[in-house]
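Engineer: Here is my input; please provide its structure:
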Amino acid sequence: MAEWMNIALRSFAAVVILFTITRILGKKQISQLTFFEYMTGIAIGELAGFISTDLEAHFMHGVIAIMIWFLIPFLFEFLTLKSKRLREWVEGKGTVMIKEGKIMEDNLKKERYTADELLEQLRNKSVFSVADVEFAILETSGDLSILLKRENQPLTPKHLGIKVAPESEPQAVIIDGNIMDEPLATAGLSRAWLQTELEKIGVTEENVFLGQADSYGQLTVDLYDDVIKVPQPAVKPLLLATLKKCEADLALFGLSTRQPEAKAMYENSMRQMAEVIRQAEPLLKT
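Structural biologist: Here you go, the predicted model:
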């Protein structure tokens with residue numbers, strides 16, 4: 001067998017082995033790595049390169065070495081699920097860098113962190129002043145997690161006492177001009193609904209690169225032709241406008257009637273409608 005073909009076959013086998021091992025070890029191997037995972041990844045990569053190009057070495061010896069480097073972290077991952085102490089020994093544990101707004105200098109020295117590196121990590125989190133931080137911990141992955149002081153935390157509807165609608169995952173009902181039936185069913189919608197919504201905005205599914213439906217039955221689309229302007233979804237604003245029109249109609253009916261019983265009924269209905277609008281308005285404006 002020619003050398004180039006031998007290298008090609010060895011490389012292909014190494015890729016298959018590495019892909020299989022990575023899939024088995026899980027997504028942690030391709031995210032933020034711990035010390036042990038970092039060391040394992042380097043070793044397996046070196047071995048894969050070795051068995052791909054070293055034609056004088058026995059191929060199966062390299063495969064055995066890779067399998068040993070695979071089985072050890074796989075076994076450790078299983079054991080660390082059962083033992084917190086072993087998990088801390090293998091993966092380490094977080095180090096508090098800032099507590100109650102004060103920098104823990106001893107912990108910085110322990111992690112060989114300089115003040116400049118700490119400030120850099122804070123800036124990566126869009127924090128430019130240590131005085132704004134209540135608590136910060138250096139995770140085992142090397143990422144810095146921070147908790148801002150209460151007065152520096154972003155304002156949310158909860159802080160203002162505003163009730164907002166619960167959010168659910170939008171479903172991609174059109175991808176590359178093709179209708180996705182499973183996401184449609186997950187959203188509780190049908191092809192007939194989708195065709196109706198597409199007709200409202202004047203496009204066909206073939207012209208849609210990506211279409212998403214939210215839990216309120218609103219369809220948003222991104223077209224292949226970015227020059228075409230697509231109307232914004234108007235389901236919720238239209239519903240709010242309809243409710244306000246009903247309130248105004250009830251007020252008008254109350255003013256136009258001369259019968260006391262009818263006037264009282266219209267005024268009572270108007271107050272009930274106003275209360276419905278008050279509760280629904282925060283949800284329909286999101």
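Engineer: quick one: low-confidence ranges for the stretch 151-286 of the chain?
Structural biologist: Within the stretch 151-286 of the chain, the ranges that satisfy pLDDT under 70 run 160, 162-167, 231-235, 283-286.
Engineer: Now do the strands in it.
Structural biologist: Here the stretch 151-286 of the chain has its strands, by DSSP state E, counting those that start in this stretch, at 171-175, 178-179, 208-213, 219-223.
Engineer: what would those strands look like in CSV with mean neighbour count?
Structural biologist: No exception for glycine: its C-beta is placed from N, CA and C like everyone else's. Below are those laid out as CSV (neighbours: other C-beta atoms under 10 Å):
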stretch, mean neighbour count
strand 171-175, 20
strand 178-179, 14
strand 208-213, 20
strand 219-223, 17
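Engineer: Any idea how many residues pack against residue 279?
Structural biologist: Number of residues near residue 279 (other C-beta atoms under 10 Å) recorded here: 9.
Engineer: Can you give me the distance of the nearest residue to residue 191 once chain neighbours are set aside to residue 206?
Structural biologist: Sequence neighbours aside, residue 179 is the residue nearest to residue 191 in space, at 6.3 Å (criterion: C-beta to C-beta, 6 or more residues apart in numbering). Distance, residue 179 to residue 206, using C-beta to C-beta, to the nearest Å: 10 Å.
Engineer: so can I have TSV of the strands of the stretch 151-286 of the chain showing distance to residue 260?
Structural biologist: Formatted as TSV, the strands of the stretch 151-286 of the chain follow (distance: least, C-beta to C-beta, whole Å):
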stretch	distance to residue 260
strand 171-175	52
strand 178-179	57
strand 208-213	49
strand 219-223	48
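Engineer: Which among the ones you listed is found nearest to residue 238?
Structural biologist: Nearest of the strands of the stretch 151-286 of the chain to residue 238, taken as C-beta to C-beta: strand 219-223 at 13.8 Å.
Engineer: Run me through the strand neighbours of that closest one, direction for each.
Structural biologist: strand 208-213 (antiparallel) (DSSP bridges).
Engineer: Okay, helices next: where are they in the stretch 51-200 of the chain?
Structural biologist: Counting by DSSP state H, counting those that start in this stretch, the stretch 51-200 of the chain has helices at residues 59-82, 84-91, 105-110, 115-124, 181-186, 191-201.
Engineer: could these go into a markdown table alongside mean neighbour count and distance to residue 17?
Structural biologist: Listed next are the helices of the stretch 51-200 of the chain as a markdown table, based on neighbours: other C-beta atoms under 10 Å; distance: least, C-beta to C-beta, whole Å:
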| stretch | mean neighbour count | distance to residue 17 |
| --- | --- | --- |
| helix 59-82 | 15 | 6 |
| helix 84-91 | 14 | 24 |
| helix 105-110 | 12 | 39 |
| helix 115-124 | 14 | 36 |
| helix 181-186 | 14 | 33 |
| helix 191-201 | 15 | 44 |
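Engineer: Lowest mean pLDDT across those, which one is that?
Structural biologist: Lowest mean pLDDT within the helices of the stretch 51-200 of the chain: helix 84-91, a mean of 70.
Engineer: which residues does residue 137 bridge with?
Structural biologist: Applying DSSP bridges, one finds that residue 137 bridges with residue 96, residue 145.
Engineer: what's around it, how many residues?
Structural biologist: Close neighbours of residue 137, defined as other C-beta under 10 Å, add up to 18.
Engineer: who's in contact with it?
Structural biologist: By C-beta atoms under 8 Å, 6 or more residues apart in numbering, the contact list for residue 137 reads 94-97, 144-145.
Engineer: just residue 107 next, same as before
Structural biologist: 95-97, 138.
Engineer: just the buried members of these?
Structural biologist: 95, 97, 138 (16 or more other C-beta atoms under 10 Å).
Engineer: need the contact list for the last one.
Structural biologist: To tie it back to what came earlier, the one meant is residue 138. Counting by C-beta under 8 Å, 6+ apart, residue 138 has contacts 94-97, 107, 111, 113, 144.
Engineer: that older thread, now, which of the buried ones among the contacts of residue 107 sits nearest residue 251?
Structural biologist: residue 97 (60.4 Å).
Engineer: right, and that closest one touches residue 144 too?
Structural biologist: Yes - using C-beta atoms under 8 Å, residue 97 makes contact with residue 144 at a distance of 6.8 Å.
Engineer: Can you check which residues contact both of the two?
Structural biologist: Shared contacts of residue 97 and residue 144 (C-beta under 8 Å, 6+ apart): 118, 136-138.
Engineer: Could you work out the most separated pair of those residues?
Structural biologist: Farthest pair in the shared contacts of residue 97 and residue 144, by C-beta to C-beta: 118 and 137, 12.0 Å.
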